[in-house]
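S.K.: Turn this into a model:
(one chain, ligands or ions: 1)
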Amino acid sequence: MKAHTRVCVIGGGVVGASVLYHLTKLGWSDVLLVERSELTSGSTWHAAGGFHTLNGDTNMCALQGYTIRLYKELEEITGMSCGLHHVGGITLADTPERFDMLKAERAKHRHMGLDTRILGPDEIRDYAPITNTDGILGALYDPLDGHLDPSGTTHAYAKAARMGGAEIYLHTKVEETNQRPDGTWEVVTDKGVIIAEHIVNAGGLWAREVGMMAGVYTPLLPMEHQYIVTDDLPEIYGRDTEHPHVMDPGGESYLRQEGRGLCIGFYEQPCEPWAVDGTPWGFGHELLPDNLDKIEASIEFAYSRFPILERAGVKSVIHGPFTFAPDGNPLVGPVPGKQGYWLACGVMAGFSQGGGVGLMLAQWMVNGETERDVSAMDIARYGKWISPGYTVPKVIENYRNRFSVTYPNEELPVARPCQTTAMYDIFDGMNAVWGQQNGLEVVNYFALDGEARYEVPSFRRSNAWDATALEVRAVREAVGINEVQNFGKYLVRGAAARAWLDRIMAGRIPQVGRLSLTPMLAPSGRLIGDFTVSCLAKDEFQLTGSYGAQEYHHRWFLQHLEDGVSVENISDTRTGFQIAGPNARKLLERVTRANVSAEAFKFLDVKRMSVGLVDCIVQRVSYTGDLGFEIYTSHMGQRALWNALWEAGRDLSLRPFGMRAMMSLRLDKFFGAWLREYSPDYTAAETGLDRFIAFRKDADFIGRAAAEAERATPPARQLCAFEVAANDADVIGYEPVSVGGKVVGYCTSGGYSHFAGKSIALALIPRQMVQEGLKAEIEILGEMRGATLLTTPLFDADGGRMRG
Ligand SMILES: Cc1cc2nc3c(=O)[nH]c(=O)nc-3n(C[C@H](O)[C@H](O)[C@H](O)COP(=O)(O)OP(=O)(O)OC[C@H]3O[C@@H](n4cnc5c(N)ncnc54)[C@H](O)[C@@H]3O)c2cc1C
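M.R.: Numbers count the residues shown, from 1 in each chain. You can find the predicted model right below:
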């Protein structure tokens, strides 16, 4: 056994094997994998081996497409068989909502180059004749869907990795992982000690235990899962071609041909978590006892959808555990605060996602960044607030919802409220309808008197419409107030703070008393943040950015820290409100003795002042695009600040507003949002954020060379805005944009501008096409909608009000 290695992958399931292969593929050959038993000894060996591209997150969907295409490559490299059956798959829609979802997916696939199709009931019967289509409205057909041999595939990954120089040690159990003073890791196994520069926890069913060896909590939980294999059925083995997969979300089942019979699995409501307090080390190649009672109702339903099953004998029942994260997506990436410790676990669909997970992790380790946005699976999406108490009920909820329709405006109810501010009971008493962001309760909107305190999940305009319209009107015509808790906030201090920020941020770093907006770039020039930098003193700065990205950003800051500077994540210790609208200054004047006149307190100024009873940091900027102020104080002072503003604002028509109004207001100015327009999938020049890059500053900021190259040769696509002739549904994101009948781009986000009374889409299209008045079509829920390109913001086009 080697004594030293660059990477030690712990776990030889399909995910660990894929990571190992991808590391060698990207050129790292001094890598090894340790497996306590044989390869596939966790969940992998008893998987049903199905794969599909369908995923609510577009990047996950693309990575699933990558995984599926990889299998042929693996077979070619190794000469081994993955046992591939590319039989195609159908996902049925039994409700209009589910059909909406499938149509939205189909539209998304159009610009992703995925060849899916919407089928009617007749076509469904042609493809999958054993399906009873009563009550079925249609389906999505994906020719890429299929299944494979889980064991053969894992061994093919392993062989390909070995061919690239990797070593694999079987029957070698990792018992301790200890970080050494130089940051490398001592991996203590029952066969000896390995020193590794990096560790990858691909421990699958045991990822929690492996994580705890390094003090890392991996928020996942194994769930029991069952599928049934039937006896031979002449209607199946008598066919000329293999029967395709049929996903019946209404019945929470998936079905496919297995040999001469069928195989059907269920995501049943009375589901059971497994080994909640820890996976026994002795577990391995055994199955759980059959529990057909638990899936009785699901089987009953399946008999009506696939009547042939009623006549089929049961050949075998496979009942085993596999792991889920609270949101069902994998847990991947560098663990914040643990140098050289990487996760590749919580992968609930190893044969759809394992290849993509391996590729992304290997890119991250070898190149320092991934080629696309992987926020959906980044471990940094969970902050310090995550706990087993949250994970357990959330995983159960996710398992139950596995086949539910996922709506863009949906707020899942379980494990709430988890994190709240001092405003929770006050806003709740004002009819707040809550959403959750990074564990935090955030107001989506305030229900009107007599209205339900619940936003009905929908792909179309929801019952939040009237309340949102009123909140928007209050901001544009009087003054609105909204909490700034859900901004990520950081305090950067030290003699080297300015020089450090100049290197980390691409934009100008402001002088004392001023703030600036700046993109943060990866070395490749891709956007990894958009920040407000406020200079509070010559050696003290406050940064504000996305609340959901706080661990992601803080991890980046710590990875790039230098002597003479400290960075503290103060997202949950500094809070307050923003006030915005034509009466905002009048309101602030009433609660402070500081001079906040237009002359004394200019746009992009930042000042310390007392507001009501508490000391605050106040900055003149607002994401609403209106005259506005962000007022920050401590948690302990938040209610006093609220009391002062609320009392003083009564006769100024002050009204609280929530995130639905905020997202409508930003559309008036075509402002982008983090992970919609501004994400690691795009560059500054593509999204227009290059206007904030300080090309003239001396500092060699991260991403400079790439940004300069883009300046010399502008990128092919550019962000722009469209007015859409929408009906009752607005753009959500990823809808294709067509010009002259040809797909030329796609939407990044959209919605309804209540101020202008227009449906707006933001989209990326070829740069040369971006001209006022361009006529295009945008596909919304399967219907082509006319769209006209706009270049002038809908509100305050000259910025007079915002800067005034
Ligand atoms: C009944 C059932 C049906 C399924 N059907 C499908 C399907 O159709 N399609 C699909 O994509 N997915 C399916 N899955 C899920 C799939 O099995 C998992 O996504 C996948 O196996 C996860 O692989 P993994 O490598 O992350 O984990 P695991 O397979 O659990 O592998 C982890 C490995 O790490 C090793 N290990 C752990 N701790 C240590 C240690 N300390 N030292 C050394 N080695 C260690 C273990 O021995 C194990 O081999 C199914 C699961 C079940 C239970």
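S.K.: The stretch 201-350 of the chain: strands as residue ranges?
M.R.: Using DSSP state E, counting those that start in this stretch, the strands of the stretch 201-350 of the chain run over 221-230, 245-248, 253-258, 261-266, 314-324, 331-334, 341-345.
S.K.: In a markdown table, list these along with mean neighbour count and mean pLDDT.
M.R.: To be clear about C-beta, it is placed using only N, CA and C from the backbone, and glycine gets the same treatment. Shown next, in a markdown table, are those (neighbours: other Cβ atoms under 10 Å; pLDDT from 0 to 100):
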| stretch | mean neighbour count | mean pLDDT |
| --- | --- | --- |
| strand 221-230 | 23 | 97 |
| strand 245-248 | 24 | 97 |
| strand 253-258 | 24 | 96 |
| strand 261-266 | 23 | 97 |
| strand 314-324 | 20 | 96 |
| strand 331-334 | 26 | 98 |
| strand 341-345 | 27 | 98 |
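S.K.: May I see those strands organised as TSV, with distance to residue 780 added?
M.R.: Rendered in TSV, the data for those read as follows (distance: least, Cβ to Cβ, whole Å):
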stretch	distance to residue 780
strand 221-230	35
strand 245-248	24
strand 253-258	29
strand 261-266	33
strand 314-324	32
strand 331-334	32
strand 341-345	37
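S.K.: Among those, which comes closest to residue 735?
M.R.: Ranking the strands of the stretch 201-350 of the chain by proximity to residue 735 (Cβ to Cβ) places strand 245-248 first, at 23.1 Å.
S.K.: what lines up beside the closest one in the sheet?
M.R.: strand 89-93 (parallel), strand 253-258 (antiparallel) (DSSP bridges).
S.K.: Nearest approach to the ligand belongs to which of those?
M.R.: Evaluated over those, closeness to the ligand peaks at strand 253-258, with 7.4 Å, by Cβ to the nearest ligand atom.
S.K.: Tell me the secondary structure of residue 631, please.
M.R.: Judged by DSSP: H, G, I helix; E, B strand; the rest coil, the three-state class of residue 631 is strand.
S.K.: pLDDT score for it?
M.R.: pLDDT, residue 631: 98.
S.K.: Low-confidence regions, the stretch 151-300 of the chain specifically.
M.R.: Filtered on pLDDT under 70, the stretch 151-300 of the chain yields no residues whatsoever.
S.K.: got the end-to-end distance for stretch 417-427?
M.R.: Stretch 417-427 has an end-to-end distance of 13 Å (Cα to Cα, to the nearest Å).
S.K.: List the buried residues for that stretch?
M.R.: Within stretch 417-427, the residues scored as buried using 16 or more other Cβ atoms under 10 Å are 418, 419, 420, 421, 422, 423, 426, 427.
S.K.: Repeat that for stretch 738-745.
M.R.: 738, 739, 743, 744, 745.
S.K.: Can you give me the neighbour number for the residue in the stretch 401-550 of the chain positioned nearest to the ligand?
M.R.: Nearest to the ligand, among the residues of the stretch 401-550 of the chain, is residue 402, at 11.7 Å (Cβ to the nearest ligand atom). Residue 402 is flanked by 18 other residues according to other Cβ atoms under 10 Å.
S.K.: who's in contact with it?
M.R.: 252, 267, 328 (Cβ atoms under 8 Å, 6 or more residues apart in numbering).
S.K.: State the distance from the closest residue to the last one other than its chain neighbours to residue 387.
M.R.: Excluding the flanking residues, the one nearest residue 328 by Cβ to Cβ, 6 or more residues apart in numbering is residue 398, at 4.5 Å. According to Cβ to Cβ, to the nearest Å, residue 398 and residue 387 sit 16 Å apart.
S.K.: Which one of the two is surrounded by more residues?
M.R.: Set residue 398 next to residue 387 and count neighbours by other Cβ under 10 Å: residue 398 wins out with 22 against 14.
S.K.: Check the contact between that one and residue 327; I expect there is one.
M.R.: Yes. The criterion here is Cβ atoms under 8 Å, and residue 398 meets it with residue 327 at 6.4 Å.
S.K.: For the stretch 551-700 of the chain, which segments are assigned as helices?
M.R.: 584-591, 638-649, 659-668, 684-687 (DSSP state H, counting those that start in this stretch).
S.K.: Select, out of those, the one closest to residue 124.
M.R.: Residue 124 lies closest to helix 659-668 among the helices of the stretch 551-700 of the chain, at 37.0 Å (Cβ to Cβ).
S.K.: Contacts for the closest one, please.
M.R.: Identification of contacts with helix 659-668 by Cβ under 8 Å, 6+ apart yields 435, 442-445, 464, 467-468, 471-472, 475-476, 480, 482, 486, 580, 623-626, 673, 750-756, 760, 762, 793-796.
S.K.: switch to 7 Å and redo it
M.R.: Contact with helix 659-668 is made by 435, 442-445, 464, 468, 471-472, 475, 482, 623-625, 673, 751-756, 760, 793-795, as judged by Cβ atoms under 7 Å, 6 or more residues apart in numbering.
S.K.: Just those: which are in strands?
M.R.: Using DSSP state E, 435, 442, 443, 444, 445, 482, 751, 752, 753, 760 are the members of these that sit in strands.
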